[in-house]
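>>> sequence and computational prediction follow.
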Amino acid sequence: MFSNKDLERYSRQIILKKVGVLGQKKILNAKVLVVGCGGLGTPVIDLLCRAGIGEIGMVDHDKVSISNLHRQVMFNSDDIGKYKVDILKKKINKINKKIIVNKYRVKAEDKNLGKILKQYDVIVDGTDNFKAKFLLNKFSLKYKKKLIIGAISKFEGHIFTFDFSLKKSPCLKCFYQGEPSDGVLDCETDGILGSTAFISGSLQANEVLKIILNVGKNLNSHILIIDLLNLIFRKVLFRKRKGCICENI
Ligand SMILES: [Zn+2]
């Protein structure tokens with residue numbers, strides 16, 4: 001049950017009709033995995049731990065560098081050279097010490113990702129390359145998870161939400177039929193504005209909370225294309241593709 005302090009901590013969201021005490025319980029019981037703790041992953045983790053997600057897993061093998069600081073909102077200058085997951089665990093617990101935090105200081109790979117991912121309800125992609133995104137797609141399909149993909153570059157963000165418990169759900173490979181090279185939506189070579197990362201990550205966190213609360217409409221079967229330079233948001237429908245890896249699942 002909630003303590004009085006918990007009720008006060010979450011009062012501004014509990015007061016929402018679509019959340020309430022029941023919704024807050026769902027949030028406290030949820031297990032979310034964030035893979036990649038950079039420009040997308042850090043706003044996701046920040047918002048989710050404040051909302052009260054009961055258990056947060058984080059996969060990242062990188063250390064904080066000075067070039068991360070313009071967009072990766074949970075890090076500061078003292079963190080440079082330290083492992084991101086180590087810093088994040090401390091910061092999450094400073095915000096909300098009741099949250100169970102599991103850190104995986106590994107690169108997301110074929111050999112380790114399935115084992116980690118299957119323990120969580122909702123999977124969030126904060127990676128910066130398509131190889132990792134396709135791996136997340138593959139294992140989320142296999143274990144019928146909910147997966148929220150984010151891809152950002154320059155002033156543009158792409159967001160996908162998949163619910164693989166639904167047979168009709170398309171997957172990431174239905175949209176990207178070939179293998180987009182890692183040069184596509186790559187912030188290292190193309191550059192990225194901090195606000196683009198922050199807004200895209202915040203939208204991913206928003207999708208997570210709606211899934212957990214079972215309210216509103218998720219992006220299922222759509223891609224949201226965000227053009228922040230011209231402030232154009234487009235939601236584009238796409239369908240399950242014949243012959244795709246998701247066809248027989
Ligand atoms: Zn597919």
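Here it is on my side, so go on.

>>> every contact and neighbour count from this point should use C-alpha atoms.
Fine.

>>> what residues does the chain have near the ion?
Residues of the chain lying close to the ion (Cα under 5 Å from the ion) are 170, 171, 173, 174, 244, 246.

>>> adding distance to residue 140 and pLDDT, write those residues out as a markdown table.
Shown next, in a markdown table, are the residues of the chain next to the ion (distance: Cα to Cα, whole Å; pLDDT from 0 to 100):
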| residue | distance to residue 140 | pLDDT |
| --- | --- | --- |
| 170 | 12 | 96 |
| 171 | 10 | 96 |
| 173 | 12 | 94 |
| 174 | 14 | 95 |
| 244 | 15 | 94 |
| 246 | 11 | 93 |
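
>>> lowest-pLDDT helix or strand in this structure?
helix 187-190 (a mean of 68; mean pLDDT, DSSP states H and E).

>>> one step back: highest neighbour count among the residues of the chain next to the ion?
Among the residues of the chain next to the ion, the one with the most neighbours (other Cα atoms under 10 Å) is residue 171, at 29 neighbours.

>>> let's verify residue 46: helix, strand, or coil?
Here residue 46 is helix, with the state taken from DSSP: H, G, I helix; E, B strand; the rest coil.

>>> isn't it up against residue 92?
Yes. At 7.4 Å, residue 46 counts as touching residue 92 under the criterion of Cα atoms under 8 Å.

>>> so where do the helices sit in the chain?
For the chain, helices defined by DSSP state H occupy the ranges 4-9, 11-14, 20-29, 41-51, 84-95, 110-117, 130-142, 172-175, 187-190, 194-213.

>>> which stretch in these has the least confidence?
Sorting these by mean pLDDT places helix 187-190 lowest, at a mean of 68.
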